[in-house]
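Student: predicted model, plus sequence, below.
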Amino acid sequence: MELFNVYPLFPIDIVRGQGCRVWDREGTEYLDLYGGHAVISIGHAHPRYVEAVSQQVARLGFYSNSVVNSLQRQLAERLGSACGYEDYRLFLINSGAEANENALKLASFHTGRKRVLSAEKAFHGRTSLAVEVTNNPKIIAPINDCGHATFLPLNDLEAWRRELAKGDVAACIVECIQGVGGIRMATPEFLQGLRKACDETGTVLICDEIQCGYGRSGKFFAHQWLDVRPDIITVAKGIANGFPMGGVLISPKFEAVYGQLGTTFGGNHLACAAALAVLEVIEGEGLIENAKRVGEYLMKALGEVNHSVVKEVRGRGLMIGIELAVPYKEIRQRLLMDEHVFTGCAGTHVLRLLPPLCLSMAEAELFLEKFKKVIAS
């Protein structure tokens, strides 16, 4: 049997990682400025993470959600304290798409409505509802195109208000920093206005923090820069540093109904042990503060690169987009193959930087040196 080939692969077999570095099978070292799609939050193979996961799998890796799992309760308490949402409740699943899927279902159960407003260039996942509110027709199968989603320009508050005034919208779902959309940022005026309009129309406001959350922006959640409290917050990626996990943070206004939501693997013992270790390291090593400090330095330095290739630098913390005046393909390829630096991309012209939150100033300097070398040549 062969693999179902849906990924365009670089010819690199990564077999080991440490911090912000990874190594391929031939022993070549790479600087990881992508973190495996923003998944690696505390760094590869962090000793505390390795210890916690190893100890847990030796005790109990899995039992179903039909019994008490004290690790889930510990995680909910620890996460609530870390992010400032102690009064919210946590539903655990396996991925970001599932988090958004369940958030949208919960909003529909709560309001009795079917329609969702989403932003142009949004990416919310590939499962049924999540992909329907993703603004990319290429990945929406005919069976998923059910007409529930209306796409509107990010930050065009009046357009969102007009749709909300129709009274049939269950939820507005927003990435406060769009990842796949090219590091496009919601403004305070937009999100605060949207919060008010949702309150006036009985609509649920969902903030998708799957890529921009968990400390990446320099605050625990990106929406906290905008002084807004969503009704539902979705998380995944960095929550367990590579172990498959997602979560939905749910405000007190929602009723928990037995059997309405469910999952087999979500919130299992091993996943919770990984997620608890992540929070311990983030807090113990000041990684959110580090993301803010190193990110601000990188943004400033990239903005000062005196080269016509760099058109604009956008982002917060360690979620940075470098918009280029030329397609990114050759530059990204040379960074990887010649300079051994992993970066991400968005659209056709944006390099996306999503490194582990432990990226050091020295590693940031190293990236800048290699980036300048590539664009100069």
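Tutor: That came in fine, so what should we check first?

Student: how much space is there between the residue positioned nearest the centre of the chain and residue 34?
Tutor: Most central in the chain under C-alpha atoms, centre = their mean is residue 211, positioned 1.1 Å from the mean C-alpha point. From residue 211 across to residue 34, the span is 12 Å (C-beta to C-beta, to the nearest Å). In short, each C-beta sits where N, CA and C put it, glycine included.

Student: between the two, what contacts are shared?
Tutor: Common contacts of residue 211 and residue 34 (C-beta atoms under 8 Å, 6 or more residues apart in numbering): residue 354.

Student: chain neighbours aside, what residue packs nearest to the residue nearest to the centre of the chain?
Tutor: Excluding its sequence neighbours, the residue lying closest to residue 211 (C-beta to C-beta, 6 or more residues apart in numbering) is residue 179, at 4.0 Å.

Student: who's in contact with the one you found?
Tutor: Applying C-beta under 8 Å, 6+ apart, we find residue 179 in contact with 38, 123, 211, 212, 319, 346, 352, 354.

Student: surely residue 310 is in contact with residue 375?
Tutor: Yes: here residue 310 lies in contact with residue 375, judged by C-beta atoms under 8 Å, at a distance of 7.1 Å.

Student: ok but residue 345 is inside a helix, no?
Tutor: No: counting by DSSP: H, G, I helix; E, B strand; the rest coil, residue 345 is not part of a helix but strand.

Student: dump the residue contacts of the closest residue to it other than its chain neighbours.
Tutor: The spatial neighbour of residue 345 that comes closest, neighbours along the chain excluded (C-beta to C-beta, 6+ apart), is residue 328 at 5.2 Å. With contacts defined as C-beta under 8 Å, 6+ apart, the neighbours of residue 328 are 345, 348, 349, 350, 351.

Student: name the member of those that has the highest neighbour count.
Tutor: Highest neighbour count within those, by other C-beta atoms under 10 Å: residue 351, with 24 neighbours.

Student: assign it to helix, strand or coil.
Tutor: On the basis of three-state DSSP, residue 351 is classed as strand.

Student: any idea how far it lies from residue 185?
Tutor: On the measure of C-beta to C-beta, residue 351 and residue 185 end up 17 Å apart.

Student: now swap in residue 339 and tell me
Tutor: 28 Å.

Student: compare those two (neighbour count), which wins?
Tutor: Higher neighbour count among residue 339 and residue 185: residue 185, with 23 against 16, using other C-beta under 10 Å.

Student: excluding its backbone neighbours, what's nearest the more buried one?
Tutor: Going by C-beta to C-beta, 6+ apart, residue 185 has residue 177 as its nearest residue, at 5.2 Å.

Student: mind listing the strands for the stretch 151-300 of the chain?
Tutor: Secondary structure of the stretch 151-300 of the chain by DSSP state E, counting those that start in this stretch: the strands cover 169-174, 177-178, 184-185, 204-208, 232-235, 246-250.

Student: elements contacting the third one?
Tutor: Contact partners of strand 184-185 among helices and strands, from 3 or more C-beta pairs under 8 Å, 6 or more residues apart in numbering; DSSP states H and E: strand 177-178, strand 310-316.

Student: could I get the strands of the stretch 151-300 of the chain as JSON lines with distance to residue 53 and mean pLDDT?
Tutor: Below are these laid out as JSON lines (distance: least, C-beta to C-beta, whole Å; pLDDT from 0 to 100):
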{"stretch": "strand 169-174", "distance to residue 53": "32", "mean pLDDT": "98"}
{"stretch": "strand 177-178", "distance to residue 53": "29", "mean pLDDT": "98"}
{"stretch": "strand 184-185", "distance to residue 53": "34", "mean pLDDT": "98"}
{"stretch": "strand 204-208", "distance to residue 53": "27", "mean pLDDT": "98"}
{"stretch": "strand 232-235", "distance to residue 53": "19", "mean pLDDT": "98"}
{"stretch": "strand 246-250", "distance to residue 53": "18", "mean pLDDT": "98"}
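
Student: nearest to residue 294, out of the ones you listed?
Tutor: strand 177-178 (16.7 Å; C-beta to C-beta).

Student: residue 363 against residue 30, yeah?
Tutor: No: using C-beta under 8 Å, residue 363 and residue 30 do not qualify as a contacting pair, with a distance of 11.7 Å.

Student: so which of the helices and strands packed on strand 184-185 is the most packed in?
Tutor: strand 177-178 (a mean of 26; mean count of other C-beta atoms under 10 Å).

Student: other SSEs contacting it?
Tutor: strand 184-185.

Student: who does the strand it packs on pair up with?
Tutor: strand 177-178 (antiparallel) (DSSP bridges).

Student: quick one, phi/psi of residue 40?
Tutor: Phi and psi for residue 40, reported as degrees, to the nearest 10, are phi -80, psi 100.

Student: just give me the neighbour total for it.
Tutor: The number of residues near residue 40, taken as other C-beta under 10 Å, comes to 26.

Student: how about it, nearest residue that isn't a chain neighbour?
Tutor: Nearest one to residue 40, counting by C-beta to C-beta, 6+ apart, is residue 356 at 4.7 Å.

Student: for that neighbour, list the residues it contacts.
Tutor: Taking C-beta under 8 Å, 6+ apart, we find residue 356 in contact with 19, 20, 32, 35, 40, 41, 42, 43, 44.
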